[in-house]
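Asker: Next come a sequence and a model predicted from it.
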Amino acid sequence: MKILVSNCLLGKKCRYKGDDCKNEKVLAFIRGHEVFGVCPEQMGGLPTPRDPGERVGDKVLSNKGKDITAEYSLGAQKALSTAKENGVDLCVLKAKSPSCGCGVIYDGTFSGNLTSGDGVTTELLKANGFKVVTENDLPDNNI
């Protein structure tokens, strides 16, 4: 199986705070599969560390009010290209992220509240027929 995975889940220090969220469940799940790591925020040109961003409607705004939609959209396009070029079967992306979240994301108030929705990259991948799950959706044992 070919799997697209958020780099932060693989242990890469690419999150907005400059840290990672390495996930042992993800690492066990992908073992033995062909893996393609992505960080749409970095791929879109955002630095690490960076101000946090959240979706507000169709836009992504930083906690300082800067519109960073273009960077998120570019990163999403690059992640989609990676998925298409490599014929991935599954995308395992970071839960709640304004880029990678699937089904539930932060609500745009920077208060920690959640709302229904998908991140920019997840939305684009789904629109192009890719199956997207988060680390929270994985089974406890490998497939």
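Answerer: Great, that's in hand.
Asker: What ranges does the chain have for its strands?
Answerer: Using DSSP state E, the strands assigned to the chain run over residues 2-6, 34-38, 53-56, 59-62, 90-93, 104-106, 114-116, 132-134.
Asker: Can you say which of those is packed in most?
Answerer: strand 90-93 (a mean of 24; mean count of other C-beta atoms under 10 Å). Every C-beta, even on glycine, is put in place using the N, C-alpha and C of the backbone.
Asker: Do me a favour and average the pLDDT over that strand.
Answerer: Averaged across strand 90-93, pLDDT comes to 98.
Asker: Over to stretch 9-16?
Answerer: Averaging pLDDT along stretch 9-16 yields 98.
Asker: One more: stretch 100-108?
Answerer: Mean pLDDT, taken over the full extent of stretch 100-108, equals 97.
Asker: What separates the first and last residues of it, distance-wise?
Answerer: 15 Å (C-alpha to C-alpha, to the nearest Å).
Asker: and that stretch, how far from the chain's centre?
Answerer: In terms of C-alpha atoms, centre = their mean, to the nearest Å, the centre of stretch 100-108 is set 10 Å apart from its chain centre.
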